[in-house]
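Enquirer: 3D model of this:
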Amino acid sequence: MSQYRFKINGNDYNVEINSVNGDSATVTVNGIQYSVESGVAACTAAASAAPAAVAPATVPQQAAAPVPQPAAAEQKAAAPAPAPAPAPAASGSGKPVPAPLPGVIIDICVNVGDTVKQGQKVAVLEAMKMENDIEAAFGGTVTAINVNKGDSVLEGAPIVTIA
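Expert: From the prediction side, this is the model:
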């Protein structure tokens, strides 16, 4: 299992290569798992542009829409991967409140154990230089906060978990 950390346009991406089987792989980007496939042309271009140590990480190049940016950085990354970011709080039981679009968490407005109502602001996400309030889609008790201030998240990444 290989781990990489990339900063692209000011956003941090933690990429973990879980398994590679032929031209398909399972990767995790910022905590979200993806199945990706790589074409022969993509592998050939990546192998000539990147050192051998980085070649396994080129698999996300042909990934689904949320992952394309990390692939470009992987071809440029020649240094060993730094230590992964500190893990967010352990996830609890309940339903996640997902990020509606990729961005950076700039504020978390709730704590574990807080009772929230439907429509209550739980976090603030900055995307494209705009602040977006992330609201609870349903009421309940916050059982986990899955991100930290300053974390970059992809669309669909769980922000908080509410039971």
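Enquirer: contacts and neighbour counts: CA atoms only from here.
Expert: Noted.
Enquirer: what's across from Arg5 in the sheet?
Expert: Assessed by DSSP bridges, Arg5 has beta-bridge partners Asn14.
Enquirer: Is there a neighbour count for it? I'd like the number.
Expert: By the criterion of other CA atoms under 10 Å, Arg5 has 22 neighbours.
Enquirer: is it true that it touches Ile17?
Expert: No - Arg5 lies out of contact with Ile17 (CA atoms under 8 Å); the separation is 11.4 Å.
Enquirer: Tell me which stretches of the chain form strands.
Expert: 2-8, 11-21, 24-29, 32-37, 95-98, 103-108, 115-116, 121-127, 130-135, 140-145, 152-153, 158-162 (DSSP state E).
Enquirer: Could you save those as a markdown table and add columns showing mean pLDDT?
Expert: Formatted as a markdown table, these follow (pLDDT from 0 to 100):
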| stretch | mean pLDDT |
| --- | --- |
| strand 2-8 | 77 |
| strand 11-21 | 81 |
| strand 24-29 | 81 |
| strand 32-37 | 79 |
| strand 95-98 | 93 |
| strand 103-108 | 95 |
| strand 115-116 | 94 |
| strand 121-127 | 94 |
| strand 130-135 | 93 |
| strand 140-145 | 93 |
| strand 152-153 | 94 |
| strand 158-162 | 94 |
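Enquirer: quick one: contacts for Gly119?
Expert: 135-138 (CA atoms under 8 Å, 6 or more residues apart in numbering).
Enquirer: Val20 versus that one, what's the distance?
Expert: 41 Å (CA to CA, to the nearest Å).
Enquirer: out of the contacts of Gly119, who has the most neighbours?
Expert: Ranking the contacts of Gly119 using other CA under 10 Å puts Ala136 first, with 22 neighbours.
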